[in-house]
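> Quick one: sequence plus predicted model below, questions after.
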Protein chains: 2
Amino acid sequence: MRKPRSQMIVETRTKLIAAARAAFGTVGYAQTSMDDLTASAGLTRGALYHHFGDKKGLLVAVITEIDAEMNAHMQAVSAKAGDPWTGFRDECTAYIELALDPEIQRIMLRDGPAVLGDPWDWPTLSECIRSMTESLTKLAETGVIAPIDPEAAARLIAGATQYAAQWIANAPEPEAISRKAIDAFNLMLDGLLARS
Amino acid sequence: MRKPRSQMIVETRTKLIAAARAAFGTVGYAQTSMDDLTASAGLTRGALYHHFGDKKGLLVAVITEIDAEMNAHMQAVSAKAGDPWTGFRDECTAYIELALDPEIQRIMLRDGPAVLGDPWDWPTLSECIRSMTESLTKLAETGVIAPIDPEAAARLIAGATQYAAQWIANAPEPEAISRKAIDAFNLMLDGLLARS
DNA sequence: AGTAATTACATACGCACCGTATGTCAATTC
DNA sequence: GAATTGACATACGGTGCGTATGTAATTACT
């Protein structure tokens, strides 16, 4: 039974990140014991601190993984649309739908910012938000929307979508609430369109 | 040196809340030691757990106090305006300006939600947000804005303003950023106005 | 191939911190 | 003025993080 070293490393990292993702996403970051977490992955805290430095390092790794998935999904959605404007709206809607996932809510929207600070300052993340900023930049250049600062718009939209998602996710009837939220959201988005 | 008991209680509660507000607002909730905090107020942890039950209880007390102040300020601002719509816009701007305070950012917008959950579910808070919902309800009834769900709009606006505030507060040149953010924000708000 | 150096983990330890249980002394109550 | 309530302080146990140290296996060197 000979295993190459590099493979072992990938396996342990994967196991730890998977366990952390499950734990952080359910009981939360602060309530997760590193002893229990590593034990559930069949390891000890030694492995953890060797690979990730500390508890925050593990959180960063988890966030990086989730963000990559979110970004890929949003890219795919916006690429599917006909024109840039609907592509952007679809992208925002996709973001809201992603944010309905309790795991994403807890890790990306609550514990993440609380532990690591403003997501816009994260070195890894903002991939999925940076893509929104790029879309807005192009929309402003081509005159589809009114000439405003793309980053400002992206920030406002990200904030609105996040709150909308949290609202929907915690609502007793997500379906009905979801429709209300998306209606209001589209109305606000239309405020950005260039006046004819 | 005779002091009535009720006065002692108020004094200690005030001292603890003030110390907590300073500590939570600077080093953060998780990084604040209850030993150090109570010591800085000239007390011990005994007083803390007697009055507030646990660490979270103290946070709730701090949040309640800050929220009352924010609410009072926003009410005053919106009452000063001429018509309801500008009153509402001023209210939103006031919220953004309040959110520039690092203490409010840290306690109300980051640590608070992380520890206590969605602010909309807080029994005490949402005073300042509930007031925004009321304003929107009236604006929708009088036909000033398009007929959308007031709570949905309030949520979206609250999210947008919060993100705008965090952006401004962390920016190297808050003045310039603030203008950009408020411009974009007003543009989005106008999207809610009834189309003529 | 055999030795040396790296490294991926486990084990052991100290320390800080939270919450509770218990004690004490002053202020009310009768 | 004796009894009781209650506002705090003190003492204790438990938990969890980070680090220092140990070990065994893989890689690198000659």
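Structure's in. What do you need?
> What residues sit buried inside whichever strand or helix holds residue A:182?
Under the criterion DSSP states H and E, the helix or strand holding residue A:182 is helix A:174-190. Of all the residues in helix A:174-190, those buried under the rule 16 or more other C-beta atoms under 10 Å in any protein chain shown are A:177-178, A:180-182, A:184-185, A:187-190. All C-beta spots, glycine's among them, are computed from the backbone N, C-alpha and C.
> can you pull out the helices in chain A?
Residue ranges of the helices in chain A, as given by DSSP state H, are A:5-26, A:34-40, A:45-52, A:55-80, A:84-98, A:102-104, A:112-116, A:127-141, A:150-170, A:174-190.
> Can I get the ones you listed in CSV including distance to DNA strand C and mean pLDDT?
What follows is the helices of chain A, written out as CSV (distance: least, C-beta to the nearest atom of the strand, whole Å; pLDDT from 0 to 100):
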stretch, distance to DNA strand C, mean pLDDT
helix A:5-26, 4, 89
helix A:34-40, 6, 92
helix A:45-52, 2, 91
helix A:55-80, 13, 93
helix A:84-98, 31, 91
helix A:102-104, 24, 94
helix A:112-116, 16, 91
helix A:127-141, 27, 86
helix A:150-170, 24, 88
helix A:174-190, 32, 88
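> Among the ones you listed, single out whichever gets nearest to residue B:8.
When those are ranked by proximity to residue B:8, the top entry is helix A:112-116, at 35.0 Å, counting by C-beta to C-beta.
> returning to that earlier point: of the helices of chain A, which stretch is the most buried?
For those, ranked by mean neighbour count under the definition mean count of other C-beta atoms under 10 Å in any protein chain shown, the leader is helix A:150-170 at a mean of 24.
> and it, what other elements does it pack with?
helix A:84-98, helix A:127-141, helix A:174-190, helix B:150-170, helix B:174-190 (3 or more C-beta pairs under 8 Å, 6 or more residues apart in numbering or on different chains; DSSP states H and E).
> Compare those helices and report which one is nearest to residue A:57.
Of all those, the one in closest proximity to residue A:57, counting by C-beta to C-beta, is helix A:127-141 (18.9 Å).
> quick revisit: could you export the helices of chain A as JSON lines, including distance to residue B:45?
Below are these laid out as JSON lines (distance: least, C-beta to C-beta, whole Å):
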{"stretch": "helix A:5-26", "distance to residue B:45": "29"}
{"stretch": "helix A:34-40", "distance to residue B:45": "25"}
{"stretch": "helix A:45-52", "distance to residue B:45": "28"}
{"stretch": "helix A:55-80", "distance to residue B:45": "25"}
{"stretch": "helix A:84-98", "distance to residue B:45": "42"}
{"stretch": "helix A:102-104", "distance to residue B:45": "34"}
{"stretch": "helix A:112-116", "distance to residue B:45": "24"}
{"stretch": "helix A:127-141", "distance to residue B:45": "41"}
{"stretch": "helix A:150-170", "distance to residue B:45": "34"}
{"stretch": "helix A:174-190", "distance to residue B:45": "42"}
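> just to revisit the earlier point, please name whichever of the helices and strands packed on helix A:150-170 is nearest to residue B:62.
Proximity to residue B:62, assessed across the helices and strands packed on helix A:150-170 by C-beta to C-beta, is greatest for helix B:150-170 (18.5 Å).
> what separates that closest one from the chain centre, distance-wise?
Using C-alpha atoms, centre = their mean, to the nearest Å, we find the averaged C-alpha position of helix B:150-170 to lie 12 Å away from the chain's own average C-alpha position.
> Next, the contact list for residue A:178, please.
By C-beta atoms under 8 Å, 6 or more residues apart in numbering or on different chains, residue A:178 lies in contact with A:96, A:168.
> same check, this time on the one 5 residues further on
When contacts are counted by C-beta under 8 Å, 6+ apart, residue A:183 touches B:148-149, B:152.
> now, among those, which is nearest to DNA strand D?
Proximity to DNA strand D was ranked across the contacts of residue A:183 by C-beta to the nearest atom of the strand; first place goes to residue B:152, at 38.0 Å.
> Contacts only, for that closest one.
By C-beta under 8 Å, 6+ apart, the residues touching residue B:152 are A:164, A:167, A:177, A:180-181, A:183-185.
> one more time with 6 Å
Counting by C-beta atoms under 6 Å, 6 or more residues apart in numbering or on different chains, residue B:152 makes contact with A:180-181, A:184.
> Let's have those in CSV, adding distance to DNA strand D.
Converted to CSV, these look like this (distance: C-beta to the nearest atom of the strand, whole Å):
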residue, distance to DNA strand D
A:180, 39
A:181, 35
A:184, 40
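> Quick one: name the residues of chain A near DNA strand D.
Residues of chain A lying close to DNA strand D by C-beta under 7 Å from any atom of the strand are A:2-6, A:32-36, A:45-46, A:49, A:54-56.
> give me phi/psi at the residue of chain A found nearest chain B?
With C-beta to the nearest C-beta as the measure, the residue in chain A that lies nearest chain B is residue A:191; the distance is 2.1 Å. Listed backbone geometry of residue A:191 is phi -60, psi -20, with angles given as degrees, to the nearest 10.
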